[in-house]
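Asker: here are the coordinates; sequence isn't available:
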């Protein structure tokens, strides 16, 4: 039986356009903030308390504040308007862009492909992720490996900051790495690595346990994707405000 021809784009009467619109605005605002901070090239390190914003970690170029270069300065000063984060952003952005949840989010919000369930999309042709550039989505697992390394570096930064005492900034840095860790572990690639190719769970009890725990996180992947993304920006904003002298860090133990 052929599908009935319907002239209307959709028969939905609810506000189906609100979720993709909210997603689009949210991603746009975060992108603007991240771009501004990336190319600002300042207020990323608080020397007094050893706070390093995750947006500049690791700081690997010669224009980095020496104390903020926890792993050395591997690269010369970057030319023109380029700043240290441009070295790590491709990996972080690649991990987020190729993430299964974010694909759904920006496919709907930015490309209207489709904008919502039971709503026709404006595109006349569908090729999926079989052609350039979308075929690059298959690199997600490799971006997961890179993001995992950067997560370990962020954890190191957060722990190192406790060497000067305990302040609100320390708590914020810890919450940030906790959310980043939960988001990274909830990744579909991480779940597949843990147990996706096992044929007999009973023969691999440890990997099966890991798979079940990651699956629980995976059920909250969308929530963790947004929470971690927003909190990275809030963490960066707090470090920037303290570094610029706009606010003072609330200290608990000196």
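Answerer: Sure thing, it's come through. Source: prediction; values computed, not measured.
Asker: May I see the buried residues of stretch 238-250?
Answerer: Under the neighbour-count criterion of 16 or more other C-beta atoms under 10 Å, stretch 238-250 has 238, 239, 240, 242, 243, 249 buried. Placement of C-beta: from N, CA and C, glycine included.
Asker: before we move on, what about stretch 139-157?
Answerer: Neighbour counts over stretch 139-157 (16+ other C-beta under 10 Å) mark 140, 143-144, 146-148, 150-151, 153-157 as buried.
Asker: If you average the pLDDT over it, what comes out?
Answerer: Mean pLDDT, stretch 139-157: 96.
Asker: contact partners of it?
Answerer: Contacting residues not belonging to stretch 139-157 are listed as 52, 54, 57-58, 70-71, 88, 91-92, 94-95, 98-100, 173, 176-177, 180-181, 184, 187-190, 192-193 [C-beta atoms under 8 Å, 6 or more residues apart in numbering].
Asker: Now, these that are in helices?
Answerer: 91-92, 94-95, 100, 173, 176-177, 180-181, 184, 188-190, 192-193 (DSSP state H).
Asker: Which members of these define the maximum pairwise distance?
Answerer: 173 and 192 (29.9 Å; C-beta to C-beta).
Asker: okay, those two: which has more neighbours?
Answerer: The neighbour comparison of residue 173 against residue 192 (other C-beta atoms under 10 Å) goes to residue 173, with 28 against 14.
Asker: doesn't residue 235 make contact with the more buried one?
Answerer: Yes - using C-beta atoms under 8 Å, residue 173 is in contact with residue 235, at 6.5 Å.
Asker: quick one: common contacting residues for the two?
Answerer: Common neighbours of residue 173 and residue 235 (C-beta under 8 Å, 6+ apart) are residue 54.
Asker: circling back: so which of the buried residues of stretch 139-157 comes closest to residue 9?
Answerer: Distances from residue 9 to the buried residues of stretch 139-157, taken by C-beta to C-beta, are shortest for residue 140, at 31.6 Å.
Asker: Can you name the element that comes right after the helix or strand hosting that closest one?
Answerer: Residue 140 is part of helix 140-160 when elements are defined by DSSP states H and E. Once helix 140-160 ends, the next helix or strand along the chain (criterion: DSSP H and E) is strand 166-167.
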